[in-house]
Every structure is written in structure tokens, then in C-alpha cells.
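In: Quick check, what structure comes out for this input:
(one chain, ligands or ions: 2)
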Amino acid sequence: TGTSRPQRMLKAVQKNATKGDPQSVISAIDYYCRHKEWAMNVGDDKGLILDSVLMEVNPSTVLELGTYCGYSTVRIARLMSPGSKLITVEFNPAFAEVARQIIAYAGLQDKVTLVEGSSGDLIPKMKERFGIKYFDFVFLDHWKDSYAPDTKLLEDCGLLKKGTVLLADNVICPGAPEYLKYVRNSPRYESRYYKSNLEYTKAEDGLEKSVFLG
Ligand SMILES: O=C(NCCCCc1cc2ccncc2s1)c1cc(-c2ccc(F)cc2)cc(O)c1O
Ligand SMILES: [Mg+2]
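Out: Ligands and ions are numbered 1, 2, ... in the order given. This next block holds a predicted model:
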């Protein structure tokens with residue numbers, strides 16, 4: 001057995017990016033995944049939408065579900081104000097190990113808390129474990145059929161407040177039909193679809209932005 005895809009991605013960052021420079025880490029990953037080996041990062045097309053929605057919200061607390069190698073973690077944390085906190089949840093220990101190193105290489109480890117485990121187990125523990133009252137921004141990028149149940153769980157745990165923004169990746173490809181039905185039909189959300197491309201491809205994908213109305 002050789003290296004894994006995430007390990008090869010980490011090597012590309014260590015080789016081509018500048019330590020402490022988040023933009024160079026993002027560019028190194030995008031170059032590697034577009035020209036060498038595809039990987040399921042949110043990518044540069046959808047990444048620009050993520051950046052603009054994030055800057056509009058300017059959140060103090062962020063929850064990311066699905067860290068993978070930390071690409072979107074770096075994209076988000078690099079735009080967050082001093083003193084703000086990002087909690088990112090990853091299920092797969094091998095992914096988490098690579099993500100920790102990529103986040104540290106970008107110099108963003110002080111803003112980011114990476115937690116290993118499943119979203120369903122960890123969401124109910126957010127308040128007691130991390131002293132979180134509410135999340136201002138939630139990026140959903142984990143199991144697509146977990147988006148809807150985990151959104152309901154966030155509501156039930158009182159982790160959303162009036163104005164919290166949920167941004168969901170892959171609502172077209174691989175798709176999150178249950179989630180779209182839920183947020184688009186619920187009177188508690190104001191939703192909007194941002195059409196884009198599946199990372200590093202010409203296929204359609206997009207992000208759904210849903211504002212919690214309280
Ligand atoms: O599955 C995807 N992403 C989730 C990985 C699941 C890892 C998890 C994290 C976690 C944390 C907490 N609790 C439970 C879980 S489970 C994903 C897949 C594609 C794709 C698109 C076209 C393809 F042909 C093939 C793959 C593209 C994407 O952007 C993705 O995000
Ligand atoms: Mg994704």
C-alpha cells in the first residue's frame with residue numbers, strides 16, 4: 001500500500017504552498033485536484049460563492065460538517081475575524097489527520113477546532129463541550145442524506161438563532177433532495193440556490209443558502 005489521495009494532496013501543499021499563507025494552500029490544492037487527481041473539495045468555482053456568502057455574514061461562530069482534507073476549513077477560517085471560532089467535524093480519522101496538517105500549514109490552527117466523530121453524536125454536545133450558544137454560519141458538506149436530519153437536530157438543540165445562515169454543498173451532485181425539500185418548504189427558512197459546477201469539472205452542482213428565520 002502506498003500513500004492515500006489525501007496524503008498525496010498534503011504532499012502537494014507542502015511542496016507548492018508557502019507556510020502560513022492560506023491562499024497559497026488553496027491554490028496548491030486546486031491546482032493538484034484539477035490537473036493531477038480529482039478530490040471532493042468544494043473547489044474554486046463554488047469556493048468563490050462560499051467566500052462571498054461567508055464575508056456577508058462575517059460570523060463569530062462557524063460549524064462545518066465534513067472536513068475532508070480541510071480545504072473549505074482553510075477557505076472559511078482565512079476570512080474569519082480575530083477571536084471568531086470554527087468547529088469542524090470529520091468522521092474519518094485518516095481524513096482528520098491530513099486536515100489537521102493542512103490547517104496548521106495554512107497557519108489557521110488557532111481559529112479551528114477539528115473534532116472527530118459523527119455529526120449526529122457531536123451536535124448535541126456542542127454547547128457543553130465547546131461553550132457554543134449559537135452558530136452564525138453552518139457549512140454542510142458531509143453525508144448528503146444527513147443534511148436534513150442534522151439541520152433538524154441543530155434546531156432542536158437550540159444551536160440556530162434568527163439570521164443563522166446554512167450553506168449546503170452538493171445539492172445537485174451527488175444531490176441532497178430531502179434537504180432541499182425540507183429547507184425550501186419550511187416557513188422557518190428563506191432559501192436560495194447558487195448554481196455552479198461540481199469541483200474541477202463542467203458538471204452542474206450548486207450551493208443552497210438557507211437563512212433561519214427563528
Ligand atoms: O460525499 C461527499 N462528501 C461527504 C463525505 C462524507 C464524509 C463525512 C464526514 C462526516 C462528518 C460528520 N459526520 C458524518 C460524516 S460523513 C462528496 C462527494 C462528492 C462527489 C461528487 C461526484 C462524484 F462522482 C463523486 C463524489 C462531491 C462532494 O463535494 C462531496 O462533498
Ligand atoms: Mg462537497
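
In: Am I right that Val62 is in a strand?
Out: Yes - with DSSP: H, G, I helix; E, B strand; the rest coil as the criterion, Val62 is part of a strand.

In: That one against Lys85, yeah?
Out: Yes - using Cβ atoms under 8 Å, Val62 is in contact with Lys85, at 7.2 Å. The way it works is simple: take the backbone N, C-alpha and C, and place the C-beta from them, glycine included.

In: more crowded one of the two?
Out: Neighbours per residue (other Cβ atoms under 10 Å) separate Val62 from Lys85, with Val62 holding more: 24 against 19.

In: Might you report the residue contacts of the more buried one?
Out: Listed by Cβ atoms under 8 Å, 6 or more residues apart in numbering, the contact partners of Val62 are 76, 80, 84-87, 135-139.

In: got any ranges where this structure has weak pLDDT?
Out: Scanning the chain for pLDDT under 70 picks out nothing.

In: Quick check: neighbours of the strand or helix carrying Val138 in the sheet, parallel or antiparallel?
Out: In this structure, Val138 sits in strand 135-140 according to DSSP states H and E. If you go by DSSP bridges, strand 135-140 pairs up with strand 61-65 (parallel), strand 160-168 (parallel).

In: before we move on, back to that, now distance to ligand 2 too, for the contacts of Val62, in CSV please.
Out: What follows is the contacts of Val62, written out as CSV (distance: Cβ to the ion, whole Å):
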residue, distance to ligand 2
Ile76, 13
Met80, 20
Ser84, 23
Lys85, 22
Leu86, 17
Ile87, 18
Phe135, 19
Asp136, 21
Phe137, 16
Val138, 14
Phe139, 9
